[in-house]
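Undergrad: Need coordinates for the below:
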Amino acid sequence: MFTRLGHFAARRSKLALILSGLFIVITGAIGAQVVPAMSSAGYDDPGSDSSKAYTYLRDHFHQEDPWSILVLDADVSVDDPAVAADVATITKTVASVPGVDQVTSYWTLGSPAQLRSVDGKAAYLFVYIKAPGVDERNRIAKHIETAVNALHTSVRVYYSGSGAIFNGINGRVTQDIARAESIAVPLSAVLTLIVFGSLIAAITPFVVSLFAIPGALFVLWLVHLYTDVSVFGLNILTGLGLGLGIDYALLIVSRFREELGRTDDVESAVVATVESAGRTVFFSGITVALTLASLGVFPLYFLQTFAWAGVSVVLLAIVGAIIPMPAMLSLLGRRIDRLRIRSVKPVGDHGLWSRVAGFVMHRPWRVVVATLLMLGVFASPALHLQTGQPDERVLPASDPVAIAGQLIRDRFEGRESAPVEIVVPGGAKSAAAVDTYAKRLSRIPHVVRVLTPQAVVMKGVVVAPNPVGSTFTAGDDVRLNVISNVDARTPDGEALITAVRAVPSPATGTLVGGSAAIYTDSQHGVLDNVPLAMLWIAIATLLILFLFTGSVLLPIKAVLLNLLSLCATFGVITWIFQDGHLANLLGGFTLRGTVDTSQLVLIVIVVFGLSMDYELFLLSRIKELHDEGVETRPAVMLGLQRSGRIITAAALILAAVFFAFITSGVTSMKLIGFGVSFAILLDASIVRALLVPALMRIAGRWNWWAPGPLRRLHERLHVTH
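TA: Next up, the predicted model:
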């Protein structure tokens, strides 16, 4: 297959480039239409108990959480007439914004104490928005902020709620991505120019990237016709499109130069390049694509979008690297080194990397023990890793939305804006049982009060009638509001939901919803599916690496080494982003005591795939030599010598691309930027340069062992040709 592709690219180079150009133009023009249709939501599990509760409350009780929450802060009591007059102006302005369904507040609901701050100088105003889709609601929430900020009153206004948090995070992420790309693109371009050595050669990665990115956008456009897609899928699409373009181009160009050193026939050099480096790109890319496909097992479409975007951009990068790029090389020939900025010498059989491999294989056990001890030290903080999901504290502490969240924590007794919503089907027929249930709920630690259709219950005692009890019934169904003093999107919020669900309900089919429940179910939706995703990755990786090498031991070794690298990365992430060490060096961020669950999953999947990329780059050279009859030790030395420079250069450039995201003010972006960069550099240095040679030296001829049936299967498939 690769031989035929090589001949096609060499003999039909102009046709291949013309068809590739048409593909880029057509898919880019259509695919670009998906960008405005992408959503900033997708973090919830649509099949969860909390999602069902949300739908039930909306359809039967006509009740939803306020989308915008305004905290109105004054220098005097909120009951002061002057303050009330200013609030009336603000309320009228908010109500006049198109899409606003209802506005309620401390002042319109009869001045209930629970809607007033402890010091009596701040109070809530709740805005209910009626609009299809999260993005439209967020747009209306932004209009509310603009309208209120244009007023001149004595009351300070702070914005919270889903709309403000979404807008705050997404707005800053958009700015930060633009800034990161303004750093990453020039930096990667300079590094690429230095690594490739000539301006013409440095352009080649863009052939792959330009082929992959528009095509992947087209795939997302097709997907969006049937389901929602997350706007954050653009991050992995552009990041991987650029990164893999550099990786694959570096491998292809290096091999092409090597082949030109052996022959004057350009077509022969192109064919030999596709047969060797093209085959490596194919197996490497398939491994990365199958790894990214594991994101599809998670119920959150935020992660599912990364699967669609990642798989499509990787598969198209493979095509770009083995068809249009060899076609371009065929036309360029030796002109690939035109406009040279430095001399790129052919990789010899002796050099830095062969010396490193020789040093390691001379004392393999000592290197393995020392390296594992170092990785163990890196990994040890992960023993107390706590996962969570982002709230407004991922923004800088100076951000207005973060200030509003902290104000609510510091000055209000309970989280009135984020109650635990409980639906009790047929509860009106057993009022006494519901009352008993409410009293039990009110005794749960951190519960401030429970609202039933009839009463307000605190610590098992009815303290007052519920002034808005009519909104707590719908036919025979009733709802209860559990007000707590813990943040919904935290481990404490999850513990609260676990305790609430553990209290026996008076009716079957009772639903528990609200922000804390949505958070809890989303956490479970991710964490409960991690084993399935890892099983998928392990099986796919073992299968592809077996087909590539014909060995059973090498795939197992590769998976275990990747897991070691990830454990070390998790430990360093915990030490920095949970414990707060070196936070100032990364621009500073608010410590929440947790690390973002979804970002950790992304780091695992992306890093695992890219690590396999580099593993195959190395193994391809070692296997070539082994197939030529070279013994394991010299094969490893020569293999590392011939691939070490490529792996290091590719890792440095890709790490630079991701490291630019550390400049973001959003903690989640800092996390993925640091996590991917650190893991790539750790893998390309410690793992590939030390552990791989040491373990292959220890295994010796067993590196290439496979049971008879598997060996015969491998031979029949002709995967070595």
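Undergrad: switch to C-alpha atoms for all contacts and neighbour counts from now on
TA: Will do.
Undergrad: helix, strand or coil for T291?
TA: The three-state label given to T291 by DSSP: H, G, I helix; E, B strand; the rest coil is helix.
Undergrad: Over to P396?
TA: The three-state assignment at P396 reads coil, by three-state DSSP.
Undergrad: What separation is there between it and V606?
TA: 26 Å (C-alpha to C-alpha, to the nearest Å).
Undergrad: top helix in the chain by residue count?
TA: In the chain, with assignment by DSSP state H, the single longest helix is helix 161-196.
Undergrad: Tell me where the stretch 101-250 of the chain has helices.
TA: Listed from the start of the chain, the stretch 101-250 of the chain has helices (DSSP state H, counting those that start in this stretch) covering 134-149, 161-196, 199-224, 233-260.
Undergrad: L638: which of those is closest?
TA: Evaluated with C-alpha to C-alpha, these place helix 233-260 nearest to L638, the distance being 14.5 Å.
Undergrad: Low-confidence ranges, the chain, go.
TA: The model of the chain has pLDDT under 70 over residues 40, 344-349, 717-721.
Undergrad: quick one: contacts for the residue of it most remote from its centre?
TA: Most distant from the centre of the chain: P81, at 49.3 Å, with distances by C-alpha atoms, centre = their mean. With contacts taken as C-alpha atoms under 8 Å, 6 or more residues apart in numbering, P81 has no neighbouring residues.
Undergrad: Try it again at 10 Å.
TA: By C-alpha atoms under 10 Å, 6 or more residues apart in numbering, the residues touching P81 are V87.
Undergrad: Make 504 the first number, not 1, from now on.
TA: With the count now opening at 504, the last piece we talked about shows up as P584.
Undergrad: Let me know whether S1167 touches N673 as I believe.
TA: No. Contact criterion C-alpha atoms under 10 Å: S1167 and N673 do not qualify, at 11.9 Å.
Undergrad: Which of those two has more residues huddled nearby?
TA: Between S1167 and N673, counted using other C-alpha atoms under 10 Å, S1167 has the larger neighbour count: 25 against 16.
Undergrad: Need the helices of the stretch 604-753 of the chain in a markdown table (columns: distance to T611).
TA: Output for the helices of the stretch 604-753 of the chain, formatted as a markdown table (distance: least, C-alpha to C-alpha, whole Å):
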| stretch | distance to T611 |
| --- | --- |
| helix 637-652 | 18 |
| helix 664-699 | 19 |
| helix 702-727 | 42 |
| helix 736-763 | 42 |
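Undergrad: now V1033: how far from L798?
TA: With distances taken as C-alpha to C-alpha, V1033 is found 9 Å from L798.
Undergrad: now do G602
TA: As defined by C-alpha to C-alpha, G602 lies at a distance of 35 Å from L798.
Undergrad: Tell me which of the two has more neighbours.
TA: Using other C-alpha under 10 Å, the more surrounded residue of G602 and L798 is L798, with 30 against 19.
Undergrad: give the contact list for the residue nearest to that one when sequence neighbours are not counted.
TA: Sequence neighbours aside, A810 is the residue nearest to L798 in space, at 5.1 Å (criterion: C-alpha to C-alpha, 6 or more residues apart in numbering). A810 sits next to 736, 739-740, 792-801, 804, 816, 1105, 1108 when contact means C-alpha under 10 Å, 6+ apart.
Undergrad: Swap in 8 Å and give it another go.
TA: Applying C-alpha under 8 Å, 6+ apart, the residues contacting A810 are L795, A796, S797, L798, G799.
Undergrad: In TSV: those, plus distance to I529.
TA: Listed next are these as TSV, based on distance: C-alpha to C-alpha, whole Å:
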residue	distance to I529
L795	26
A796	25
S797	29
L798	28
G799	27
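Undergrad: By neighbours, which of the residues you listed wins?
TA: When neighbours are taken as other C-alpha under 10 Å, the top entry among the contacts of A810 is L798 (30 neighbours).
Undergrad: so where do the strands sit in the protein?
TA: Taking DSSP state E to define them, one finds strands in the chain at 571-576, 603-608, 625-632, 659-663, 890-891, 923-927, 950-954, 958-961, 964-968, 976-977, 980-987, 1014-1017, 1098-1099.
Undergrad: Out of those, which gets nearest to A704?
TA: With respect to A704, and counting by C-alpha to C-alpha, the nearest of the strands of the chain is strand 1098-1099 at 39.4 Å.
Undergrad: ok, residues contacting that closest one?
TA: Applying C-alpha under 8 Å, 6+ apart, the external contacts of strand 1098-1099 come out as L888, Q889, T890, G891, Q892, P893, T1077, F1080, Q1081, S1171.
Undergrad: change it to 6 Å
TA: By C-alpha atoms under 6 Å, 6 or more residues apart in numbering, the list of residues contacting strand 1098-1099 from outside reads T890, G891, Q892.
Undergrad: If we only consider the residues you listed, which is nearest to N1206?
TA: Lowest distance from N1206 to those (C-alpha to C-alpha) belongs to T890, with 37.8 Å.
Undergrad: List the contacts of that closest one.
TA: When contacts are counted by C-alpha under 6 Å, 6+ apart, T890 touches T1097, V1098, D1099, T1100.
Undergrad: count of neighbours near the first one?
TA: Taking other C-alpha under 10 Å as the neighbour definition, T1097 ends up with a count of 19.
Undergrad: Name the residues that touch stretch 1080-1091?
TA: With C-alpha under 6 Å, 6+ apart as the contact definition, stretch 1080-1091 has outside contacts at G1096, T1097.
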